[in-house]
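Q: What follows is a protein structure lacking sequence information:
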Ligand code: RIB
């Protein structure tokens, strides 16, 4: 019997968001709207999304002893996330500078702050949380060696889900633990291309998402999910590929929609759904999330997903 349906190991950021008519090109200055501050970070977002859906959720993360850290703890607690694994201090809370254009698309720069101080030792010290969790998910806004330590300390029978964002080449032992590896097109290209410095490296891999999924599966994960935005998603587990339809909605802000997708998918897998069923549910959760501004504030309850 597990205490948690999902343990998220990852980042927590204060999102400083400005709406712009268009996002600036290199060397360009544009004027935007008023600045707003929201709780964010790919790890905290996943935890809040899962808890809001009804999953018993815990988060292992690090925030600073500052106002942004308290903003994040408040958001986690109001969503029902167990904050016992949220460590405090060592550096200021991570910050994400986000611009959102009228189509809802965003650009993000993250200053990791305390996220960079979430160490392998912190993972070892959280052995009790790992042993109490049916599914563990992670992303890459924390040090890669910390994610490696998560994989090394996974109890047998605990499922591991990874969204490698922001993407970088992954060691074989991390890839082998993923069930699934969840990527968008950009992340697929970087991981297939084996470079984190030039996202064009993967341009030789072709345009067919089924080829990407097959290529990624050959790198070691037990299953792969490729998210395709408005075109839905593709799930691939070696027995073949299944397309998952998107849900048509009017997008206001796509920030954090991928985190909601990953959280929902991880939770449904732990509840016994197969990969295609879990991805179809996650697509509805992701769609609901883009209809409101912000990340954590935009996440739906299970009831709201049912009404979509
Ligand atoms: O995925 C969205 C998140 O990315 C934002 O909340 C921001 O904090 C960055 O981590």
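A: Structure's in. What do you need? Predicted model only: the values in this text are computed from it and were never measured.

Q: measure stretch 50-62 end to end?
A: Using Cα to Cα, to the nearest Å, the end-to-end distance of stretch 50-62 comes to 19 Å.

Q: Which single residue of the stretch 51-200 of the chain ends up nearest the ligand?
A: When distances are taken as Cβ to the nearest ligand atom, the stretch 51-200 of the chain approaches the ligand most closely through residue 96, which lies 3.4 Å from it. C-beta coordinates here come from the backbone N, C-alpha and C atoms, glycine included.

Q: so what's that residue bridging to?
A: In this entry, residue 96 is beta-bridged to residue 15, residue 110, by DSSP bridges.

Q: For stretch 97-108, list every residue counted as buried.
A: Taking 16 or more other Cβ atoms under 10 Å as the neighbour-count basis, stretch 97-108 is seen to contain the buried residues 98-100, 104, 106, 108.

Q: From the rest of the structure, what touches that stretch?
A: Outside stretch 97-108, the residues within contact range by Cβ atoms under 8 Å, 6 or more residues apart in numbering are 15-24, 32, 40, 96, 109-111, 251-255, 290, 293.

Q: Can you flag the buried ones in these?
A: 15-17, 19-20, 32, 40, 96, 110-111, 251-255, 290, 293.

Q: Residue 268 and residue 246: what is the separation?
A: Counting by Cβ to Cβ, to the nearest Å, the separation of residue 268 from residue 246 is 17 Å.

Q: Which of these two has more residues huddled nearby?
A: Here residue 268 and residue 246 are compared on neighbour count by other Cβ atoms under 10 Å; more neighbours surround residue 268, at 24 against 16.

Q: is it true that that one lies in a helix?
A: Yes - with DSSP: H, G, I helix; E, B strand; the rest coil as the criterion, residue 268 is assigned to a helix.

Q: Now do the contacts for it.
A: Shown in contact with residue 268 (Cβ under 8 Å, 6+ apart): 277-278, 281-282.

Q: these two touch, right, residue 221 and residue 182?
A: No - with contact defined as Cβ atoms under 8 Å, residue 221 and residue 182 do not form a contacting pair (9.6 Å).

Q: which residues of the stretch 151-300 of the chain fall in strands?
A: Assigned strands in the stretch 151-300 of the chain, in chain order: 159-162, 178-183, 224-227, 233-236, 241-244 (criterion: DSSP state E, counting those that start in this stretch).

Q: Mind putting the ones you listed into JSON lines with mean neighbour count, mean pLDDT and distance to residue 212?
A: Listed next are the strands of the stretch 151-300 of the chain as JSON lines, based on neighbours: other Cβ atoms under 10 Å; pLDDT from 0 to 100; distance: least, Cβ to Cβ, whole Å:
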{"stretch": "strand 159-162", "mean neighbour count": "24", "mean pLDDT": "98", "distance to residue 212": "16"}
{"stretch": "strand 178-183", "mean neighbour count": "26", "mean pLDDT": "98", "distance to residue 212": "8"}
{"stretch": "strand 224-227", "mean neighbour count": "28", "mean pLDDT": "97", "distance to residue 212": "6"}
{"stretch": "strand 233-236", "mean neighbour count": "23", "mean pLDDT": "96", "distance to residue 212": "8"}
{"stretch": "strand 241-244", "mean neighbour count": "18", "mean pLDDT": "95", "distance to residue 212": "10"}
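
Q: I'd like a version of those in a markdown table, one that adds distance to the ligand as further columns.
A: Listed next are the strands of the stretch 151-300 of the chain as a markdown table, based on distance: least, Cβ to the nearest ligand atom, whole Å:
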| stretch | distance to the ligand |
| --- | --- |
| strand 159-162 | 14 |
| strand 178-183 | 12 |
| strand 224-227 | 12 |
| strand 233-236 | 16 |
| strand 241-244 | 20 |
